[in-house]
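**Q** This is a predicted model, with the sequence first.
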Amino acid sequence: MLIYGWPSISVAIEELRMFVVPLLASGKNVLFVGAPGVGKTKLALESAEFMTACAPALVVGRDGLSHEDLVAKYERAGGGLRRAYGPFGCAVLRSWASLLRGSGPCHVVFDELNRANVDLIFGDLFTALDLAYRYRVPALKAHELDDAAVEECAGAAVRELKELAARLGGLPLPYSFRLFATMNVVDRAQLFRLSFALLRRFAYLYVPPFYERYEPRLEEGAVPRAAAGPLERALDGFVDRAVEELTPSDAVEGDIATLVRLDFSDRARVKEEVRGLWSELGLGGLLAWTLDVAKDLGLELGPSVLTDLARLLAAYAGLRRTLPNLRREAFVDLAYSSLVLSQFSAAVPKLRFRALLSSNDRSRSQFADFVGGVKRIFGEDSLSYRIADALLQELPE
């Protein structure tokens, strides 16, 4: 068997593909990061067809790409102007048309995300990328829907889409919609130009080259002692919030936030399953230590990371029986590297600035100790260590 043109020795790719499924079901958009040629774009395009029959739209990032290019603009036609929807706007129309037919959403793959001014081009959609705010921000305003342009994107569903837009006050991003993006690791410095809030809306998945060994371990005894009690006591509250976000009461029929129907009706059972996974995976001590390190570095991770983890565990619990076996060590490594470590990128510019201002600053030393801890816990053949070490290399000696 071949994986992206390479012999099937890349265990990481197979486990990444498996891990994407609960990530999507938990409401996360996905950012694939890696060296040129490792298969990021192909992986993103394949992932965008998981749990839906609708082909994704492809956008390539470039300097000068505008919000209008992405969503909707007017073009010259004959002696006048015509409305035309960009790939993102068209994907919204196609998604709703597909959902109204009882099928799945049409996602977007944004190749080389960092080559565009993403904070500017997304505009109000920036807020809507967060699952909790989907229906609050219209991607397309009702009064701006043009019959000919809508038909060009979504076929004969013009009347149904206009009726839905009138009911919802515009066409928002469906709860089931996901944005997939890619970024070259050679542009890693560009990552720190992406805003913290934008990164929060993505799970960050590092795609290693085929020749890199992937054998994560999980040495719970290597986790430095930290007070996990407050997290344990707060966990049920985060599960409540996670389930509410995954089962929105205002969702249009057929728009399933988890992409496939998961049974969250028995909240007590869901909490029990999440607590079981939390304990089985050793997340309490790991997260408590990480939050302590972040605080020492002046980084406020906030409750959003814990909500993301609670959503992931709730989705994984619902899907676990139908998923191929994903190693415990790999699941924790992928969850930690994609949802937690990626948030440390926001601290890098601040730590670099401190180090340049004062030769006595200990920020790099503190971060190096943290990276050493990650290595002891997950091993040097883990994605968590590779990402943590890459962040360390961005800091001046």
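**A** Noted; the coordinates are in hand.
**Q** all contacts plus neighbour counts: C-alpha atoms, from now on.
**A** Noted.
**Q** in the stretch 251-397 of the chain, which spans are helices?
**A** In the stretch 251-397 of the chain, the segments counted as helices under DSSP state H, counting those that start in this stretch are 267-280, 283-296, 304-319, 328-335, 348-357, 363-378, 383-393.
**Q** got the buried residues for the fourth one?
**A** It refers to helix 328-335. Going by neighbour count (16 or more other Cα atoms under 10 Å), the buried part of helix 328-335 is 329, 330, 331, 332, 333, 334, 335.
**Q** Touching that helix from outside, list them.
**A** Here helix 328-335 makes contact (Cα atoms under 8 Å, 6 or more residues apart in numbering) with 15-16, 19, 205, 216-218, 281, 309, 378, 382-384.
**Q** between those, which is nearest residue 287?
**A** Residue 287 lies nearest to residue 309 out of these, by Cα to Cα, at 10.2 Å.
**Q** what's around the closest one, how many residues?
**A** Other residues within reach of residue 309, judged by other Cα atoms under 10 Å, total 23.
**Q** what about it, distance to residue 76?
**A** Computed as Cα to Cα, to the nearest Å, the residue 309 to residue 76 distance reads 48 Å.
**Q** Indicate which one of the helices of the stretch 251-397 of the chain is closest to residue 131.
**A** helix 304-319 (10.6 Å).
**Q** quick one, the closest one and helix 267-280 angle?
**A** 110 degrees (axes from the mean of the first three to the mean of the last three Cα atoms, to 10 degrees).
**Q** So for helix 304-319, mean pLDDT?
**A** For helix 304-319, mean pLDDT rounds to 95.
**Q** go on, stretch 253-267?
**A** Per-residue scores along stretch 253-267 average to 95.
**Q** wait, is residue 156 part of a strand?
**A** No - looking at residue 156 with DSSP: H, G, I helix; E, B strand; the rest coil, it is coil, so not inside a strand.
**Q** Give me the spatial nearest neighbour of residue 204, chain neighbours excluded.
**A** In this structure, residue 204 finds its nearest non-sequential neighbour in residue 338, 4.3 Å apart by Cα to Cα, 6 or more residues apart in numbering.
**Q** Let me have the helices of the stretch 251-397 of the chain in CSV, adding distance to residue 87 as columns.
**A** Shown next, in CSV, are these (distance: least, Cα to Cα, whole Å):
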stretch, distance to residue 87
helix 267-280, 38
helix 283-296, 38
helix 304-319, 28
helix 328-335, 30
helix 348-357, 33
helix 363-378, 40
helix 383-393, 32
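**Q** Which of those helices sits closest to residue 128?
**A** Using Cα to Cα, the helices of the stretch 251-397 of the chain put helix 304-319 closest to residue 128, at 15.6 Å.
**Q** Output the contacting helices and strands for the closest one.
**A** helix 11-25, helix 229-246, helix 267-280 (3 or more Cα pairs under 8 Å, 6 or more residues apart in numbering; DSSP states H and E).
**Q** 6 Å instead?
**A** helix 11-25, helix 229-246 (3 or more Cα pairs under 6 Å, 6 or more residues apart in numbering; DSSP states H and E).
**Q** Now it - C-alpha only, CSV.
**A** The C-alpha coordinates for helix 304-319 follow below in CSV (Å, rounded to 0.1, in the frame of the first residue of the first chain):
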residue,chain,number,x,y,z
SER,A,304,-11.2,27.7,25.8
VAL,A,305,-8.5,25.0,25.7
LEU,A,306,-10.3,22.9,28.3
THR,A,307,-13.6,23.4,26.4
ASP,A,308,-11.9,22.2,23.2
LEU,A,309,-10.5,19.1,25.0
ALA,A,310,-14.0,18.4,26.6
ARG,A,311,-15.6,18.6,23.1
LEU,A,312,-12.9,16.3,21.7
LEU,A,313,-13.3,13.7,24.5
ALA,A,314,-17.1,13.8,24.2
ALA,A,315,-16.9,13.3,20.4
TYR,A,316,-14.3,10.6,20.7
ALA,A,317,-16.4,8.7,23.3
GLY,A,318,-19.3,8.8,20.9
LEU,A,319,-17.2,7.6,17.9
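**Q** Now do stretch 270-290, average pLDDT.
**A** Mean predicted lDDT for stretch 270-290 stands at 94.
**Q** secondary structure element for residue 149?
**A** helix 147-154 (DSSP states H and E).
**Q** Buried residues in that helix, which are they?
**A** 149, 150, 151, 153, 154.
**Q** ok, now which ones touch the fourth one?
**A** Read that as residue 153. Taking Cα atoms under 6 Å, 6 or more residues apart in numbering, we find residue 153 in contact with residue 90.
**Q** The last one too?
**A** Residues touching residue 154, when contacts are defined by Cα under 6 Å, 6+ apart, comprise 93, 94.
**Q** can we see that at 8 Å?
**A** 90, 93, 94, 97.
**Q** Surely the first one and residue 73 touch.
**A** No - checked against Cα atoms under 8 Å, the pair residue 90 and residue 73 is beyond contact range at 11.6 Å.
**Q** Hmm, residue 222 is touching residue 376, no?
**A** Yes - using Cα under 8 Å, residue 222 makes contact with residue 376 at a distance of 6.0 Å.
**Q** Comparing these two, which shows the higher neighbour count?
**A** Comparing residue 222 with residue 376 by other Cα under 10 Å, the one with more neighbours is residue 376, at 18 against 14.
**Q** quick one: pLDDT of the more buried one?
**A** For residue 376, the predicted pLDDT is 97.
**Q** Same question for residue 199.
**A** pLDDT, residue 199: 79.
**Q** Same question for residue 190.
**A** Turning to residue 190, the model gives it a pLDDT of 56.
**Q** and if you look at the one 5 residues further on?
**A** Per-residue confidence at residue 195 stands at 71 (pLDDT).
**Q** The one 10 residues further on now?
**A** At residue 205 the predicted local distance difference test score is 95.
**Q** the helices in the stretch 51-200 of the chain, which residues?
**A** 67-70, 87-100, 118-122, 125-128, 147-154, 158-168, 188-191, 196-200.
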